[in-house]
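1. sequence unknown, structure follows:
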């Protein structure tokens with residue numbers, strides 16, 4: 001390939017990478033935000049996800065778009081968990097989120113009888129990390145069971161069981177903050 005052909009290939013690659021970044025940045029950032037609660041941490045992890053994409057995008061030539069989406073969520077899940085382990089800041093992240101009004105600063109139940117999101121997020125954070133990932137991917141990101149299974153490297157049935165158990169734990173934890181029905 002001569003220099004002119006290389007420049008054209010580089011421009012096309014940049015355009016493709018830019019398009020992929022535009023398409024997936026917001027969902028990946030939102031997912032990281034749901035797991036980490038602070039914009040700074042979410043930005044750090046999201047940047048790492050897209051650096052990994054740039055580094056490894058060559059292995060996705062011809063692969064379905066669904067596979068790339070799953071892979072990006074898998075990388076985000078792993079990097080989020082690694083970020084929490086490396087920084088040992090889960091308590092600090094929760095405290096920062098609470099100070100910013102994202103957790104715990106509001107009354108526990110809303111006027112319509114449902115728990116406020118802050119209570120839901122606090123309950124999610126009390127789940128095991130793999131349960132948090134399943135709940136976040138399913139309910140906050142809207143991924144299907146097969147996609148979640150692919151992202152987490154598990155069987156779909158295992159994801160269903162994990163989700164079922166996690167939802168039961170959330171119901172139990174949120175039940176005590178529900179307003180009691182008036183007779």
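-> Received it, and whenever you're ready, just let me know what you need. Predicted, not measured: the structure shown is a model, and the values here were computed from it.
2. When you work out contacts or count neighbours from here on, use the C-alpha atoms and nothing else.
-> Fine.
3. Tell me how many other residues crowd the residue nearest to residue 73 when sequence neighbours are not counted.
-> Nearest residue to residue 73, sequence neighbours excluded (CA to CA, 6 or more residues apart in numbering): residue 151, at 6.0 Å. Residue 151 has 24 neighbouring residues, counting by other CA atoms under 10 Å.
4. which element is residue 151 on?
-> helix 145-152 (DSSP states H and E).
5. Check which element follows the helix or strand of the chain with the lowest mean pLDDT along the chain.
-> Within the chain, no helix or strand scores below helix 90-99, which has a mean of 62 by mean pLDDT, DSSP states H and E. Downstream of helix 90-99, the next assigned helix or strand under DSSP H and E is helix 117-125.
6. and the helix or strand that that next one is followed by, which residues are buried?
-> Once the chain leaves helix 117-125, the next helix or strand it forms, by DSSP H and E, is helix 129-135. Across helix 129-135, burial judged by 16 or more other CA atoms under 10 Å covers 130-135.
7. tell me which of those residues is nearest to residue 21?
-> Minimum distance to residue 21 across the buried residues of helix 129-135 is 22.1 Å, recorded for residue 133 (CA to CA).
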